[in-house]
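# quick one, what's the 3D model for this:
(2 chains)
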Number of protein chains: 2
Amino acid sequence: MYIPKNLQMTASSVNQFIHEYGFGCLVSANLTCSHLPFLFDEKQNVLYTHLAKANTQWQALAGQKVLIIFSGPHAYISPSWYEKGPAVPTWNYAAVHVIGTVSLLSETETVNVVNQTVEKYEPSLLSELDVFNDDFNAKLAKAIVGLKIDIMNFEGKQKLGQQRSRGDQQGVLKALQQGDLEAQLLATYMQKHEIGVG
Amino acid sequence: MYIPKNLQMTASSVNQFIHEYGFGCLVSANLTCSHLPFLFDEKQNVLYTHLAKANTQWQALAGQKVLIIFSGPHAYISPSWYEKGPAVPTWNYAAVHVIGTVSLLSETETVNVVNQTVEKYEPSLLSELDVFNDDFNAKLAKAIVGLKIDIMNFEGKQKLGQQRSRGDQQGVLKALQQGDLEAQLLATYMQKHEIGVG
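Presented below is the predicted three-dimensional model:
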């Protein structure tokens, strides 16, 4: 990804981003793509995911290099929001790209990935014995395939107008806050990360 | 993309989706990706975009096959929202994938693409002579590269729980409407398209 230095995420921001925006795009070199939830093991520098066995993308993945795209909020930016013109419109966004190598997981490992994914999003479900019991897990393991992706490199970009004047940034933030839900999501992101907020 | 038949978008839905969610990911077979705004010429079955000349992805694109990913709203779906259990959690989303072949545009064509992009998002800017005047366009043409992508095929998926019971759908919709901004975006999408709303 083309990342001017001033728009580059730090490594710790990238890590945090993957945890928060973990529903990503798994792209193979044959330009197939699946939208999947990913787990990130920072210590091992590994991503995990799982997909339906009926999704044939997994069949050509073992040992292959893949791209995983994690996308945050994005919105159109009007130059009319800037303090001073003339200027051109643009699109602001935050995204992380990961390149890694895939291994297919065993049935037991795959069930573990599913359990850890549930643990991340709604841990209370794991204690409800009528859902993830042994019978269910055994059926699940036949229907899905787990993937481990050893991360070779990652990069993150936050294009949020942080290079602009304080007045421009404040105008953009205010307009986004008053915009549609997508614009509001971007404004919330900018405020949380204190980037481009004047 | 793995698309069970009941989750498949119609061709006209795909077209509408590309117009509405036109900020997409351009992915090359070397697994490079840029986040860019796309224009869709339905009659010619062509996508247009432009990127900074400093973004080296364009250098290996002429004549090459690319994937463009257009992503709509997405959100975690808890099985606790369903009328009847037990069930597992999932992630709902809408997305369109396009495969096409790239041609690099001339400077004049590239300026046209930029003008048409502005025409789409904020046409009033084109009549402000202090922005897109001839001098500016000449400088712009040196700094960016326009791409034309001849579409070979496209596919769209709407995974919105439309196969579930009416009660389950209504529970999901209500929970999404009361959720965070991302959940609300998905609920708005489902209502607009009348899919998965019970």
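# pull the worst-scoring helix or strand of chain A on mean pLDDT out as PDB, backbone CA atoms only.
Least confident helix or strand, chain A: helix A:134-143 with a mean of 88, by mean pLDDT, DSSP states H and E. Below are the C-alpha coordinates for helix A:134-143, written out as PDB (Å, rounded to 0.1, in the frame of the first residue of the first chain):
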ATOM      1  CA  ASP A 134     -19.100 -32.100  21.800                       C
ATOM      2  CA  ASP A 135     -21.700 -33.300  19.300                       C
ATOM      3  CA  PHE A 136     -22.000 -29.800  17.800                       C
ATOM      4  CA  ASN A 137     -18.300 -29.300  17.700                       C
ATOM      5  CA  ALA A 138     -17.900 -32.700  15.900                       C
ATOM      6  CA  LYS A 139     -20.400 -31.600  13.200                       C
ATOM      7  CA  LEU A 140     -18.800 -28.200  13.000                       C
ATOM      8  CA  ALA A 141     -15.400 -29.600  12.300                       C
ATOM      9  CA  LYS A 142     -16.700 -31.400   9.300                       C
ATOM     10  CA  ALA A 143     -18.400 -28.300   7.800                       C
END
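# right, and the helix or strand after that helix?
strand A:144-159 (DSSP states H and E).
# taking their axis directions, the helix or strand where residue A:73 lies and strand B:65-77 sit at what angle?
Residue A:73 is located in strand A:65-77, with elements delineated by DSSP H and E. Orientation check (axes from the mean of the first three to the mean of the last three Cα atoms, to 10 degrees): strand A:65-77 against strand B:65-77 gives 70 degrees.
# and the following helix or strand past strand A:65-77, average pLDDT?
Of the helices and strands lying after strand A:65-77 in sequence (DSSP H and E), the nearest is strand A:90-104. Taken as a whole, strand A:90-104 carries a mean pLDDT of 98.
# which strands or helices does strand A:90-104 pack on?
Strand A:90-104 makes packing contacts with helix A:11-20, strand A:46-52, strand A:65-77, strand A:144-159, helix A:181-193, strand B:33-37 when contacts are defined by 3 or more Cβ pairs under 8 Å, 6 or more residues apart in numbering or on different chains; DSSP states H and E. Any C-beta I mention is one placed from the backbone N, CA and C, and that applies to glycine too.
# re the thing from before, name the helices or strands packed onto the strand holding residue A:73?
Using 3+ Cβ pairs under 8 Å, 6+ apart, strand A:65-77 sits against helix A:11-20, strand A:23-28, strand A:90-104, strand A:144-159, helix A:181-193, strand B:23-28, strand B:33-37.
# quick one: these as CSV, columns for mean neighbour count too.
What follows is the helices and strands packed on strand A:65-77, written out as CSV (neighbours: other Cβ atoms under 10 Å in any protein chain shown):
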stretch, mean neighbour count
helix A:11-20, 16
strand A:23-28, 23
strand A:90-104, 20
strand A:144-159, 19
helix A:181-193, 20
strand B:23-28, 23
strand B:33-37, 22
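# re earlier: so which of the helices and strands packed on strand A:90-104 is nearest residue B:111?
Among these, strand B:33-37 comes nearest to residue B:111, with 15.3 Å by Cβ to Cβ.
# identify the residues contacting the residue nearest to residue A:90 when sequence neighbours are not counted.
Once flanking residues are discounted, residue A:90 sits nearest to residue A:77: 4.9 Å by Cβ to Cβ, 6 or more residues apart in numbering or on different chains. Residue A:77 makes contacts with A:89, A:90, A:91, A:92, A:161, A:172, as judged by Cβ atoms under 8 Å, 6 or more residues apart in numbering or on different chains.
# that's all I had, so thanks and see you.
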